[in-house]
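[1] I would like the atomic coordinates for the input below:
(3 chains)
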Amino acid sequence: MDGAVFACFSFYGTLLILKMYSLAVITGQLRLRRKAFANPEDALRHGGLAYHRTDPDVERSRRAHRNDMENIFPFLFLGGIYSLMEPNLYIAHVHFLVFFVARVVHSVAYLCALKAPTRSLAYTIGQIPCISIALQILVNVAARW
Amino acid sequence: MDGAVFACFSFYGTLLILKMYSLAVITGQLRLRRKAFANPEDALRHGGLAYHRTDPDVERSRRAHRNDMENIFPFLFLGGIYSLMEPNLYIAHVHFLVFFVARVVHSVAYLCALKAPTRSLAYTIGQIPCISIALQILVNVAARW
Amino acid sequence: MDGAVFACFSFYGTLLILKMYSLAVITGQLRLRRKAFANPEDALRHGGLAYHRTDPDVERSRRAHRNDMENIFPFLFLGGIYSLMEPNLYIAHVHFLVFFVARVVHSVAYLCALKAPTRSLAYTIGQIPCISIALQILVNVAARW
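    All right, here's what the predicted structure looks like:
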């Protein structure tokens, strides 16, 4: 935790994890409100086997969550390695902030079904700092060999 | 690997990964026993295209695995950062152990379809150390600024 | 980034993340070409609600991506801890390389629907270095206690 970049990375990484947790809570709440349960044992507890069914909004929230796993987990790896490479604090901060804002917009666009291509645009903008970091890691390692 | 907390974290993190791997093995075994394959090329090898189909128990095992990804991967990030913050070993151990036990109970409750709300309870208890760690990271970073 | 093993791990880890990103791009391209969108708002932008549907090749690409999440993310944790344990560089490199090649073959076998058991074989071979690393971590931690 010594480096300022690593502290900055820890901060945004933790916020992103909390953002993901909130999607899990939203999925759970939607399952209860829409009475749409993935497991018969849950349906039985909440009214009967008829509620062992799918719901479009529950599935939407689950897709948003899966997309987060596909993108935020790689960021946690890339950002961690990058932080150890002693990058410029300001440049690193911009990388983390762009990714963070893009992923928050992505989740909001997903949950609210905002008009396309809002969500895809947020996804693409979020990928830019990730690709940038990935290339910097490869260059850094190549320079050592 | 110097710190005792980091060694403790590595131990539980590795056990949790092995637990996740075992879910993949269970899904694979269920696919073979129930003859329910996600891909036509697998079905063709095991009796014919009729076995390119879904099975409730295979899907259950896959849901347990996905829930692990949603929760264990964030723990690996949070626990790693937390271990670097030089927390008290005993308190850190309790955090890791509660999460570990909760996730094992969660998997057993999922696979055995235990009566609700056993599984949800295990999930919620497992979230407590994660939220605690997340807040400690945010406070720690905020204290530096 | 001091250790050679950690640099080697960062290199393969980053390549694997880029490989995963390419699966996301392939899924997106397949959705556009097959006109099969998971969200009504995307279908509306690309011809109408009739294209809010599933497609076998899109689902195949998504299964390959999910399998990567189930296996590459755990490798990023295990490989990171292992790199900090000061293993022999050559042995560590072999572990990382076997996993990397196995996962590339897995993705190709999945996307091209290669005859079974090509894909399962690649999966199993990729698991060998992961299990090896997991056991080495457990032994290393046990030796400290």
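[2] Spell out which residues sit in contact with A:P40, please.
    Neighbouring residues of A:P40 by CB atoms under 8 Å, 6 or more residues apart in numbering or on different chains: A:L49, A:H52, B:A113. Any C-beta I mention is one placed from the backbone N, CA and C, and that applies to glycine too.
[3] Kindly report the same for A:M69.
    So A:M69 contacts A:M20, B:M69, B:E70, B:F73, C:M69 (CB under 8 Å, 6+ apart).
[4] Name the nearest of the residues you listed relative to A:E86.
    B:F73 (26.4 Å; CB to CB).
[5] can you pull the contacts of that closest one?
    Here B:F73 is in contact with A:M69, A:F73, C:F73 (CB under 8 Å, 6+ apart).
[6] tell me which parts of chain A are close to chain C?
    A:60, A:63, A:69-70, A:73-74, A:77-78, A:81, A:84-85, A:110, A:113-117, A:119-120, A:127, A:130-131, A:134, A:137-138, A:140-141, A:144 (CB under 8 Å from any CB of the partner chain).
[7] Now list the buried members of the residues you listed.
    Among these, those buried by neighbour count (16 or more other CB atoms under 10 Å in any protein chain shown) are A:60, A:69-70, A:73-74, A:77-78, A:81, A:84-85, A:110, A:113, A:116, A:119, A:127, A:130, A:134, A:137, A:140-141.
[8] so which residue of chain A comes closest to chain B?
    Residue of chain A nearest chain B, by CB to the nearest CB: A:R45 (3.9 Å).
[9] Name the residue of chain A that lies nearest to chain C.
    A:A116 (3.9 Å).
[10] what about that residue, which SS state?
    coil (DSSP: H, G, I helix; E, B strand; the rest coil).
[11] Identify the residues contacting the closest residue to A:G80 other than its chain neighbours.
    Once flanking residues are discounted, A:G80 sits nearest to A:F9: 6.6 Å by CB to CB, 6 or more residues apart in numbering or on different chains. With contact taken as CB under 8 Å, 6+ apart, A:F9 is in contact with A:G79, A:G80, A:Y82, A:S83, A:A92, A:F96.
[12] Show only the entries of these found in strands.
    Here DSSP state E is the test, and those give no hits in strands at all.
[13] Give me the residue at the spatial middle of chain A.
    Centroid check for chain A by CA atoms, centre = their mean gives A:D68 as the closest residue, at 3.1 Å.
[14] hang on, A:L15 packs against A:V101?
    No. Assessed by CB atoms under 8 Å, A:L15 is found out of contact with A:V101, at 10.7 Å.
[15] could you show me where the helices are in chain A, in order?
    A:4-34, A:40-45, A:56-83, A:89-111, A:118-144 (DSSP state H).
[16] Point out the most buried one among those helices.
    helix A:56-83 (a mean of 22; mean count of other CB atoms under 10 Å in any protein chain shown).
[17] Please work out the angle formed by the directions of it and helix A:89-111.
    Here helix A:56-83 points in a direction 170 degrees away from that of helix A:89-111 (axes from the mean of the first three to the mean of the last three CA atoms, to 10 degrees).
[18] thought A:G126 was touching A:D68?
    No. Counting by CB under 8 Å, A:G126 stays clear of A:D68, with 10.3 Å between them.
[19] residues in chain A within reach of chain B, list them.
    A:1, A:4, A:7-8, A:10-11, A:13-15, A:17-18, A:20-21, A:24, A:38-42, A:44-45, A:65-66, A:69, A:73, A:76.
[20] who touches A:R53 in this structure?
    A:A36, A:F37, A:A43.
[21] Provide a list of residues in contact with the first one.
    Contacts were defined as CB under 8 Å, 6+ apart; by that measure A:A36 touches A:L30, A:Y51, A:R53, A:T54, A:D55, A:V58.
[22] C:T14 versus A:V139, what's the distance?
    Separation of A:V139 from C:T14 (CB to CB, to the nearest Å) stands at 10 Å.
[23] now swap in A:F9 and tell me
    A:F9 is 16 Å from C:T14, by CB to CB.
[24] coming back round to it: can the contacts of A:R53 go into TSV with extra columns for distance to B:V105 and pLDDT?
    Shown next, in TSV, are those (distance: CB to CB, whole Å; pLDDT from 0 to 100):
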residue	distance to B:V105	pLDDT
A:A36	25	98
A:F37	20	98
A:A43	21	97
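[25] Can you tell me which of the contacts of A:M69 comes closest to A:H106?
    Closest to A:H106, out of all of the contacts of A:M69 and judged by CB to CB, is A:M20, at 11.6 Å.
[26] Can you pull the poorly scored residue ranges out of chain A?
    Scanning chain A with the threshold set as pLDDT under 70 gives A:1-2.
[27] Hmm, B:A116 and A:L44 touching each other?
    Yes. Assessed by CB under 8 Å, A:L44 is found in contact with B:A116 at 7.0 Å.
[28] List the residues that contact the residue nearest to the centre of chain A.
    Contacts of A:D68 by CB under 8 Å, 6+ apart are A:L16, A:K19, A:M20, A:L23, A:R103, A:H106, A:S107.
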